[in-house]
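**Student:** please work out how this folds:
(one chain, ligands or ions: 2)
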Amino acid sequence: MADVNKKIGLSLGADLCWPLCYEDLMKSLDLAIPVGGDTVRFEVERVSIEPYDLRQHCSYDMVIDRLTHWYHTSREWIKKAVLMDDLYVLNNPWSLQSMEKQTSYCAMIQLGMPIPETWMVPPKSYDPTPDLRSTLHRYAKLFDIGSVGEDLGYPVIMKPYDGGGWRAVTRVEDEAALRRAYEASGKLVMHVQRAVHPSDAFVRVIGVGPQMRFVKYDVDAPLHDRYTLETDFLDADEEALLRESTMTVNSFFGWEYNSLEAMRSDGTWLPIDFANACPDSQVTSLHYHFPWLVKALLRWSVYCTATGRPMRRTLDWDAYYEIAKTDAPYREKLRGYAAIADERLETADFEEFCAKHLSHVDEVAWEYFGSEAAKTAVRQKVEALYPAGEVEEFTELFWGRIQTWRDGEGSAQ
Ligand SMILES: Nc1ncnc2c1ncn2[C@@H]1O[C@H](COP(=O)(O)OP(=O)(O)O)[C@@H](O)[C@H]1O
Ligand SMILES: [Mg+2]
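**Tutor:** Ligands and ions are numbered 1, 2, ... in the order given. Below is the predicted model of the structure:
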């Protein structure tokens, strides 16, 4: 019987709030979990940026990564550590690096998911490179963007094929507007996508390992009100469908911390954006839902490190394609994909582990999210984003919503 220490690294950029809460909560819990005769304890540390020897040992068992999609020194360090030190990282760095929105659409279309009709178009302009002129002259086919719009039917959405953060997204109502949007798109490689219209609901499903949170999203609201407080807006069938869709995407791409966005039209949920492997995790967006995220990250990271579950380094898509090529109706196929996901993400074992070792997390989190330390964490994020004159008002707003969670859902757990 030995004491085993598991070290969890947080690879961070702009995130302030959830890491503070995660660290505080881990400290309050002071976990000592019996696993196979050992007692496993947990240490959390923030990953620093510094030169490293490629053969240098990595001391972390897991890294929760929120940085490496744009900070490449850390991305390469993470890839090295996965290859050489058995590091478990949320999310798979190769998948994150190479799977754009476009790839995620293609894969899920092939699995039968109802992705809106989408075209990709070559960019309107280019950086000058030596072979550009001859390549375009020889091979670029003249085309009329109007015929793409006509094929799709208006309204359409023009947006970058690699997406992220609502950059360069335009809703287009007619051909003249499509021409203007294309002219304005510059060097970006764009999708033109049939708009989900009319639509009566928008959901963001946040997935952490096999845990899911369904948030009703109001695109037209100001930023601080977009994640609504509604929790009862899906019936059981819809919830199952969205859970299975998110599990499928996440297990297919090796994203264990991702979000799926879908819009409902005429009773059908159409996924529009699910390559979000660094999903919005700020208390200033999530507020009411924020404690769920902190607890979900804590549970999944503790489970993975305590059990020593190895990270799946390669993606292995064949099992999904085997189901995709059958004649089964889509709903049945989706259940099949989700069963693969449940196996790969060890849903049943995870739930059993949580019931056995982490049943007090809800109560400790409930206490913590009423504490001065938690409020200070919220305030720090608000201070980073809002003008000085609005800090008090917005700290109270987000804190108030966390207290609403404590008074209702949070206390019932
Ligand atoms: N097909 C669509 N139909 C209707 N609205 C859409 C569609 N695609 C995108 N949008 C709107 O544009 C927003 C940004 O598009 P999204 O694909 O989520 O890009 P990003 O990767 O920038 O988040 C969505 O939240 C939604 O409001
Ligand atoms: Mg989006």
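**Student:** and the spatially most central residue of the chain, which of the three is it?
**Tutor:** Centroid-nearest residue in the chain: Asn258, 1.9 Å away (criterion: C-alpha atoms, centre = their mean). Secondary structure, DSSP: H, G, I helix; E, B strand; the rest coil: Asn258 is strand.
**Student:** ok, it - contacts?
**Tutor:** 91, 206-207, 246, 249-250, 274-277, 279 (C-beta atoms under 8 Å, 6 or more residues apart in numbering). No exception for glycine: its C-beta is placed from N, CA and C like everyone else's.
**Student:** the helices in the stretch 1-150 of the chain, which residues?
**Tutor:** Taking DSSP state H, counting those that start in this stretch to define them, one finds helices in the stretch 1-150 of the chain at 17-29, 72-85, 93-98, 101-110, 132-139, 145-152.
**Student:** any chance of these in CSV with distance to Glu239, mean neighbour count and mean pLDDT as columns?
**Tutor:** Shown next, in CSV, are the helices of the stretch 1-150 of the chain (distance: least, C-beta to C-beta, whole Å; neighbours: other C-beta atoms under 10 Å; pLDDT from 0 to 100):
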stretch, distance to Glu239, mean neighbour count, mean pLDDT
helix 17-29, 25, 20, 98
helix 72-85, 33, 17, 97
helix 93-98, 26, 17, 95
helix 101-110, 19, 19, 98
helix 132-139, 47, 10, 96
helix 145-152, 30, 16, 98
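**Student:** identify whichever of the ones you listed lies nearest to Arg401.
**Tutor:** Taking C-beta to C-beta, helix 17-29 is the member of the helices of the stretch 1-150 of the chain nearest to Arg401, at 13.3 Å.
**Student:** helices or strands next to the closest one in the packing?
**Tutor:** Here helix 17-29 touches strand 3-11, strand 38-46, helix 283-286, helix 290-307, helix 361-368, helix 372-385, going by 3 or more C-beta pairs under 8 Å, 6 or more residues apart in numbering; DSSP states H and E.
**Student:** pipe those into CSV and attach distance to Leu188 and mean neighbour count per row.
**Tutor:** Converted to CSV, the helices and strands packed on helix 17-29 look like this (distance: least, C-beta to C-beta, whole Å; neighbours: other C-beta atoms under 10 Å):
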stretch, distance to Leu188, mean neighbour count
strand 3-11, 28, 18
strand 38-46, 34, 16
helix 283-286, 25, 25
helix 290-307, 31, 23
helix 361-368, 42, 17
helix 372-385, 26, 18
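**Student:** dump these into JSON lines; add mean pLDDT and distance to Tyr182 as well.
**Tutor:** Shown next, in JSON lines, are the helices and strands packed on helix 17-29 (pLDDT from 0 to 100; distance: least, C-beta to C-beta, whole Å):
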{"stretch": "strand 3-11", "mean pLDDT": "97", "distance to Tyr182": "38"}
{"stretch": "strand 38-46", "mean pLDDT": "98", "distance to Tyr182": "44"}
{"stretch": "helix 283-286", "mean pLDDT": "98", "distance to Tyr182": "31"}
{"stretch": "helix 290-307", "mean pLDDT": "98", "distance to Tyr182": "38"}
{"stretch": "helix 361-368", "mean pLDDT": "97", "distance to Tyr182": "49"}
{"stretch": "helix 372-385", "mean pLDDT": "98", "distance to Tyr182": "33"}
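**Student:** contact partners for the residue in the chain that ligand 1 sits nearest to?
**Tutor:** Of all residues in the chain, Gly163 sits closest to ligand 1, at 2.9 Å by C-beta to the nearest ligand atom. For Gly163, the contact set (C-beta under 8 Å, 6+ apart) comprises 100-101, 273, 275.
**Student:** reformat the helices and strands packed on helix 17-29 as JSON lines; add distance to Leu67.
**Tutor:** Output for the helices and strands packed on helix 17-29, formatted as JSON lines (distance: least, C-beta to C-beta, whole Å):
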{"stretch": "strand 3-11", "distance to Leu67": "5"}
{"stretch": "strand 38-46", "distance to Leu67": "11"}
{"stretch": "helix 283-286", "distance to Leu67": "18"}
{"stretch": "helix 290-307", "distance to Leu67": "15"}
{"stretch": "helix 361-368", "distance to Leu67": "25"}
{"stretch": "helix 372-385", "distance to Leu67": "16"}
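**Student:** need the ones you listed in TSV (columns: distance to ligand 2).
**Tutor:** Below are the helices and strands packed on helix 17-29 laid out as TSV (distance: least, C-beta to the ion, whole Å):
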stretch	distance to ligand 2
strand 3-11	22
strand 38-46	28
helix 283-286	12
helix 290-307	17
helix 361-368	28
helix 372-385	19
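**Student:** and of those, who's closest to Ser74?
**Tutor:** For Ser74, the closest of those is strand 3-11, at 5.7 Å, according to C-beta to C-beta.
**Student:** give me the sheet partners of the closest one and which way each runs.
**Tutor:** strand 38-46 (parallel), strand 62-65 (parallel) (DSSP bridges).
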